[in-house]
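# My questions concern the predicted model and sequence given below.
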Amino acid sequence: QVQLVESGGGLVQAGGSLRLSCAASGRAVSMYAMGWFRQAPGKEREFVATISWNGGITNYADSVKGRFTISRDNAKNTVYLQMNSLKSEDTAVYYCARGALWGSSGQMEYAYDIWGQGTQVTVSS
């Protein structure tokens, strides 16, 4: 069984940066697309970014495009989310999730079957 564990969250000032990591254990996720989602207090969970199994395709929510970068290291079974120029509206719990096998996944939650527990990101203004 695959387990996803996010790390790297914390408190940062607006304009700062954080790098989130999502480490998979149990089984490899190198053959799967992976995604990042977030949920702010009182709001629905929303798509942030996704990356295909080989890293060749990435897709971002408009709200983070140009500021966030998703990447992966399949040798380490880990996916990353580099977040720059953070804004207060980026405050949320960030989740990573496993997507399609040997492919890419879109922005919809139903395309992802295994989720981590989340890591809190708080951006102070």
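Sure thing, it's come through.
# Which residues are in contact with the residue nearest the centre of the chain?
Central residue of the chain (Cα atoms, centre = their mean): residue 36, 2.4 Å from the mean position. Residues near residue 36 by Cβ atoms under 8 Å, 6 or more residues apart in numbering: 20, 22, 48-50, 70, 79, 81, 94-97. Glycine gets a C-beta too; all of them are placed from N, C-alpha and C.
# give me that answer again for 6 Å
Taking Cβ atoms under 6 Å, 6 or more residues apart in numbering, we find residue 36 in contact with 48-49, 81, 96.
# what helix or strand is it on?
Using DSSP states H and E, residue 36 falls within strand 32-39.
# quick check: mean pLDDT across that strand?
Mean pLDDT, strand 32-39: 98.
# what's the following helix or strand after that strand?
Next along from strand 32-39, by DSSP H and E: strand 46-51.
# Show the subsequent helix or strand relative to that next one.
Following strand 46-51 in sequence, per DSSP H and E, is strand 58-60.
# Excluding residues flanking it in the chain, which one is nearest residue 115?
Distance criterion Cβ to Cβ, 6 or more residues apart in numbering; nearest residue to residue 115, sequence neighbours excluded, is residue 97 at 4.7 Å.
# Which strands or helices does the host helix or strand of that neighbour pack on?
Using DSSP H and E, residue 97 sits within strand 92-101. Judged by 3 or more Cβ pairs under 6 Å, 6 or more residues apart in numbering; DSSP states H and E, strand 92-101 is in contact with strand 32-39, strand 114-115, strand 119-124.
# Go through the ones you listed and name the closest to residue 16.
strand 119-124 (7.5 Å; Cβ to Cβ).
# picking up where we left off before, the strand holding residue 97: which residues count as buried?
The neighbour-count check on strand 92-101 (16 or more other Cβ atoms under 10 Å) flags 92-100 as buried.
# now, which of those residues sits nearest residue 55?
Nearest to residue 55 among those, with distances taken as Cβ to Cβ, is residue 99, at 13.0 Å.
# quick one on the thing from earlier: what bridges to the residue nearest to residue 115?
residue 35, residue 115 (DSSP bridges).
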